[in-house]
Each structure stands twice: as C-alpha cells, then as structure tokens.
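**Student:** Provide a 3D model corresponding to the input given below.
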Amino acid sequence: MTEISTGLSKTDALSGRMSRLGIREADLVEKFVLGSGKGGQKLNKTSSCVYLRHVPSGIEVKCQRERSRSLNRFFARRELCDRLEQRLLGVQSARQQEWEKIRRQKRRRSRRQKERMLADKHHHSRKKGFRGNVRGDGD
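**Tutor:** From the prediction side, this is the model:
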C-alpha cells in the first residue's frame, strides 16, 4: 500500500492482518471509479471510490466512505479482511456482531413503542367514552 493518511500503527496492523489471512497485494485487483451519491461536484468528478477484488477468493469490495482516495483504500482493505475472516473462520466479525446487537435493540425498542402506542389508544378511547350524550331528567 502507498501512503495512507491514517496512522502508521493502523497501517502496520492492517498489513499484519492481511499477511495472517494470506492476502497479498499481488492477488488484489484495484480500480478507482467515479464516486456517486451525496457530496457534490468534487465527489462526482474525482475517482475516489475504491474497488478491490481478491482474485483467489473472488471477494469484491467497493468503498466510498471518505472523500480521500488513500483513506478509501485503507477502509476497502480492512473490509476485505473482515469478509475473508468471516468466510474462513465462520465466525462473525466484531463489527457484524455489533450490527446484530443494534438490530436486536431496535426490534425491542419498536415492540415497546408499539405497546406504548396501544396504551395511548386505549386511554384515548376511554376519554371518548365519557363524551356520551348526557340526558337530563326531563327528556
């Protein structure tokens, strides 16, 4: 990898992780494509989106997280390591476990929200029940 605007320790850690997983730079096909989405003219005119393909495993990664090409190269390699690790070890990566945790929390949160909404509806219907016609003694 060429210069990356992340710290040297992060770059060295990523290089070590890649070598442990058996990912060599020669096995990677790297392309830079025009970005898309939010970001305006600058993003759409520069080729800062990184496309990586690991030839032996066939894993493809496309990264456009930052405006900087060098940072996107770093993040794409990290994502490639995550995916390959998940495939080889069959263990969920720490990041995927975090996603699952958040999904469970949201599911639980929505269940509580639904209960609260139903309680409010019952309360409102009781209030409306009190609004019935009041008849006087002479009617």
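**Student:** which strands and helices sit next to the helix or strand containing Y51?
**Tutor:** Y51 belongs to strand 49-54 when assigned by DSSP states H and E. Judged by 3 or more C-beta pairs under 8 Å, 6 or more residues apart in numbering; DSSP states H and E, the packing partners of strand 49-54 are strand 28-33, strand 59-63, helix 69-89. Heads up, the C-betas are built off the backbone N, CA and C, glycines and all.
**Student:** What residues of the shortest one count as buried?
**Tutor:** Of the residues in strand 59-63, I59, V61, C63 count as buried by neighbour count, 16 or more other C-beta atoms under 10 Å.
**Student:** Reformat the helices and strands packed on strand 49-54 as a markdown table; add distance to S19.
**Tutor:** A markdown table is the format used below for the helices and strands packed on strand 49-54 (distance: least, C-beta to C-beta, whole Å):
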| stretch | distance to S19 |
| --- | --- |
| strand 28-33 | 13 |
| strand 59-63 | 17 |
| helix 69-89 | 10 |
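**Student:** surely F32 meets R69?
**Tutor:** Yes - with contact defined as C-beta atoms under 8 Å, F32 counts as touching R69 (6.5 Å).
**Student:** which element is S57 on?
**Tutor:** Under the assignment here (DSSP H and E), S57 is part of no helix and no strand.
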